[in-house]
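Enquirer: Compute the structure for the input listed below.
(2 chains, ligands or ions: 2)
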Amino acid sequence: MEISINGDTYLVDSDPSELLVWVLRDELGLTGTKYGCGIGLCGSCTVHVDGVATRACITPLVAVADKEVRTVEGLAETEGGLHPVQQAFLEFQVPQCSWCMSGQMMTAAAFLSRNPDPSDEEITEAMTRNYCRCGCYARIKVAIARAAQLTRELP
Amino acid sequence: MSEVSARTGRRWRVSRRGFLIGAGVAGSGLALGIFYGIPEARLAIARSLDNSAAPGRVEAPPDVWFEISPADRITLYLPKVEMGQGVHTALAQIAAEELEVEWGQLGVVQASTARGLRDRTGTASSNTVSSLFIPLREAAATLREMLRAEAARRWGLELHQAVAMDGVIFRSDRPSERLTYSQVVEGATDWEVPEDAPQLKPVREFRYIGRSMARLDLPDKLTGRAVYGFDVRVPGMVYGAVARPPRLNSRLKRAAVGRAAEQPGVVSVVAEEAFAGIVATSRKEAYDALEGLELEWEEGGGVDQADIIRLTTVQDGKGVVIQREGRPAAALRRGRIVEAEYRTPMAAHAHLEPQAAMVDVRPDKVVAQVATQSPDAMRDALAELLGRPKERVEVTATYLGGGFGRKLVVESALEAARLSAASGRPVHVGWNRTEEFRHGSFRPPTHHVLRASLGAGGAIQAMEHQLASGDVAFSLLPAVAAVVMGADFGAWRGATIPYQIPHRRARSQRVELPVSTTWWRGLGLLANTFAIESFMDELAVESGEEPLTFRLNHLGEDELSERIRRALIVAAEASGWGERPSEGRARGLACCIDVNTVVAQVAEVSLEPRGRVRVHRMTAAVDPGLVINPDGVRAQTQGAIVMGLSSTFLERVMIRDGRVEAGNFDRYPLFTMAETPEIDVHLTGTGSEPYGVGEPPIGPVAAAVANALFALTGERFRELPLVLEG
Ligand code: FES
Ligand code: FES
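Expert: Ligands and ions are numbered 1, 2, ... in the order given. Model (predicted):
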């Protein structure tokens, strides 16, 4: 089966029922997408499927056929660059262990593309289903507000 | 030769022979290493530190060392692991300070055990920065002095005329003439280690220590490049899955391969006494094939929550006395006696990266990459399991997606080793979330009985804390420790009474449980502080005193009391303690001392419809002594408070019929962004010595919240998690 990830086309021979998180991580070596619970609750495995934040641990491979998958490895527009969300997470030194952070950033990036000027409450509402055991929530929140600002300032 | 504590900072008496250096070795122009650890820090320089050196060639490989590359890149090899606490960055700051290099020149590499890592304690108990603060500076300063001496020799100048700054040595008489560190190294053939201990910088001259340097590990972490235990991939690697018992204590009686070997993707099947597992080409195939095994398990006891609670109960007057001042027994029979009991439950570490390891058992050596807090102990455990000499087992710690004490022991590495030995392939075992919940190890449950005698005027005359706890540190020590010590010292963290009360006693009782319990962030600190600081609040109410004043009244004149006083006052003032909270809100206060760090916190809470508690704000004052990285201390405090709140309101591991009820986050939710309050952190630390910061701030959280709830509702909450009736 052919799937498109971060703009590249991959030919994978995994079973179509195999879950996307394992195809990405174990088959393709895109280990930036993390596993935390396997039941869609923690958000660590969040990727974009046609721009929509999607939990890869409950998404079978077949569901992304003909769709565009984006992972943290392809979040930045340019090779070696940073997406405004990554830039803001760096600026506010958000991560601790960072296991949850790919999922946090992918969730945030999809959210900001729909809502470029969110209120604090809207950020919380969008992010509250992503666990961070290290407790970086306060920083995640301010960094997303900052990322929104950075995005608006883009030419 | 004699060894000298590098901690004392005095003259080293180590003979020169102990300081042989390999200079000019490809890839590492000059290397200088140190030993540290228990009981004494040792200083030495390893010779021959090129990457290809067989362990045997380095007679005494160091624990921590520097390498200067020909491109003037300086690499600091560390045994301490990075699990989000920012220690690699903090240690780099400490090293850069004395080495006199530019920040961008320094990189940190996690050393593998084959490079001589001897970190007996592992990365735990918030001791990383405090234990390495002096040894690392002395090593860095020694290296700098050697470079200066060599440059001076080459120029024919006195030592003081060769000045080190930003990775360069220049002549004081002709500042434009300079050599980079690597240029100094390049021309040198013979190195001498100064006989005198180098002068360490005074605090006021620090330029990296005390600044919020950006974390070195974040660029890789934010782009998905950082490699954690679960992310390890090596050529030829396959995946392992292990058969799990139906109940906590049911052992495998008989195992047969059954149909497992014929399942798709299966590489090999292990069916041994007490262990059965599958190796397959994908995780799914490995887990699916477990179904094909023929396994017979012992019934296992049907333990229930009630059994855990019954076992975890203080027996009056039993256990090890861990604090005694005055004559508490007699004093507790006089005056007005107040007594209260508190409980905390078992809880899960719930690090978001489940434990994981890759182990490759080859005929001649064993190579492992593991998300472990203790690579050294891991190496020993693998050597023992496989019957191999330790020198032929190499463990490299990866980044950890959270550890919190749980990853001091990584069972998945031992499982991967058995499966790799059987299959002849490198095997990765990464537990799923259900394995973490059902087959893991937990924060132990505790029970506390507090008793005090109030004198006339409301002063506490005597106080006693009796604690019963499941094992914490004993889980990692030889059984003999339990016999010798009688009670688990890990459970004692925060268990002694810090106030100046004439008669004081604390006792700890060991509880043996049918469930595995272990190290947790702060060990017993959260539970003990919840009990002691809630009780202090109760006593304040009993004596009709305002809680802050009541605490201040029971502090002494010593330095520690002074630090507690300052933290309490700073937290109280910043929280608006003196002013009335807005309608429907109340505040509560608590403090603790842990690993010499002092923390005070104020919680501000209200009640929402349907009996839900809302925490609006947590104000913390933290005094960790000398602060290495202020932003790092703030981050650790914020994180510990969130974890503490999660424990305060949500977390409890329940046992029913010999099983852990929760198998995933659906039955064991964690705190989320929506519940997280505003967190305001104030650093009140001073001095010239850093203490720990990873754990102490978790101490006061539950007590501060429970005390605030009492102020709001008049109801006293003596059990975690706090559950409101109705
Ligand atoms: S791993 Fe997918 S939501 Fe937790
Ligand atoms: S940074 Fe560790 S789980 Fe979020």
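Enquirer: Where do the helices of the stretch 601-726 of chain B begin and end?
Expert: Taking DSSP state H, counting those that start in this stretch as the test, the helices found in the stretch 601-726 of chain B are B:630-649, B:701-713.
Enquirer: will you turn these into a markdown table that also has mean pLDDT, distance to B:Arg580 and mean neighbour count?
Expert: All C-beta spots, glycine's among them, are computed from the backbone N, C-alpha and C. Below are the helices of the stretch 601-726 of chain B laid out as a markdown table (pLDDT from 0 to 100; distance: least, C-beta to C-beta, whole Å; neighbours: other C-beta atoms under 10 Å in any protein chain shown):
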| stretch | mean pLDDT | distance to B:Arg580 | mean neighbour count |
| --- | --- | --- | --- |
| helix B:630-649 | 98 | 24 | 25 |
| helix B:701-713 | 97 | 11 | 26 |
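Enquirer: Between the ones you listed, which one is closest to ligand 1.
Expert: Closest to ligand 1 of those, according to C-beta to the nearest ligand atom: helix B:630-649, at 16.7 Å.
Enquirer: Can you spell out which helices and strands pack onto the closest one?
Expert: helix A:137-153, strand B:612-623, strand B:678-683, helix B:701-713 (3 or more C-beta pairs under 8 Å, 6 or more residues apart in numbering or on different chains; DSSP states H and E).
Enquirer: one step back: now the helices of the stretch 601-726 of chain B in CSV, with distance to ligand 1?
Expert: Shown next, in CSV, are those (distance: least, C-beta to the nearest ligand atom, whole Å):
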stretch, distance to ligand 1
helix B:630-649, 17
helix B:701-713, 26
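Enquirer: out of those helices, which comes closest to A:Val64?
Expert: helix B:630-649 (33.3 Å; C-beta to C-beta).
Enquirer: where are the low-confidence patches of chain B?
Expert: By pLDDT under 70, the weakly predicted segments of chain B are B:1-64, B:114-121, B:125, B:189-193, B:475-486, B:725-726.
Enquirer: winner for burial among the helices and strands packed on helix B:630-649?
Expert: Counting by mean count of other C-beta atoms under 10 Å in any protein chain shown, helix B:701-713 has the highest mean neighbour count of those, with a mean of 26.
Enquirer: Next, the residues that contact that helix from outside, please.
Expert: B:344, B:526, B:529-534, B:537, B:541, B:547, B:585-590, B:601-607, B:613, B:615, B:618, B:640-641, B:644-645, B:647-649, B:715-718, B:720, B:722 (C-beta atoms under 8 Å, 6 or more residues apart in numbering or on different chains).
Enquirer: Quick one: the strands in the stretch 51-200 of chain B, in order.
Expert: B:64-68, B:74-78, B:106-110, B:162-165, B:168-171, B:178-180 (DSSP state E, counting those that start in this stretch).
Enquirer: for chain A, that is, sorry about that
Expert: A:2-5, A:8-11, A:46-49, A:52-55, A:68-70 (DSSP state E).
Enquirer: Deepest in the core, which of those strands is it.
Expert: Of the strands of chain A, strand A:46-49 is the most buried (mean count of other C-beta under 10 Å), at a mean of 25.
Enquirer: Check what pLDDT the residue nearest in space to the middle of chain A gets.
Expert: When C-alpha atoms, centre = their mean is applied to chain A, the residue found nearest the centroid is A:Met106 (2.1 Å). A:Met106 is assigned 98 on the pLDDT scale.
Enquirer: Distance of it relative to B:Tyr399?
Expert: For A:Met106, the distance to B:Tyr399 (C-beta to C-beta, to the nearest Å) stands at 19 Å.
Enquirer: Quick one: the strands in the stretch 301-450 of chain B, in order.
Expert: B:320-325, B:336-344, B:356-361, B:366-370, B:393-397, B:427-430, B:446-454.
Enquirer: ah, wrong one, I meant the stretch 551-700 of chain B
Expert: Counting by DSSP E, counting those that start in this stretch, the strands of the stretch 551-700 of chain B are B:585-594, B:597-608, B:612-623, B:655-656, B:659-660, B:678-683.
Enquirer: how long is stretch B:201-212 from one end to the other?
Expert: 19 Å (C-alpha to C-alpha, to the nearest Å).
Enquirer: same deal with stretch B:222-242?
Expert: End to end - C-alpha to C-alpha - stretch B:222-242 spans 32 Å.
Enquirer: What residues sit buried inside stretch A:77-95?
Expert: Applying a neighbour-count criterion of 16 or more other C-beta atoms under 10 Å in any protein chain shown, one finds A:82-90, A:92-95 buried in stretch A:77-95.
Enquirer: Please read the previous query as pertaining to stretch B:313-320.
Expert: B:314, B:319-320.
Enquirer: May I see the residues you listed arranged in CSV, with distance to B:Val338 as well?
Expert: Shown next, in CSV, are those (distance: C-beta to C-beta, whole Å):
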residue, distance to B:Val338
B:Val314, 16
B:Gly319, 21
B:Val320, 24
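Enquirer: Return the residues in contact with the closest residue to B:Ile698 other than its chain neighbours.
Expert: Distance criterion C-beta to C-beta, 6 or more residues apart in numbering or on different chains; nearest residue to B:Ile698, sequence neighbours excluded, is B:Ala640 at 4.1 Å. Shown in contact with B:Ala640 (C-beta under 8 Å, 6+ apart): A:135, B:521-522, B:694-698, B:701.
Enquirer: How about the residues of the stretch 251-400 of chain B by ligand 2?
Expert: Counting by C-beta under 6 Å from any ligand atom, the residues of the stretch 251-400 of chain B close to ligand 2 are B:Leu352.
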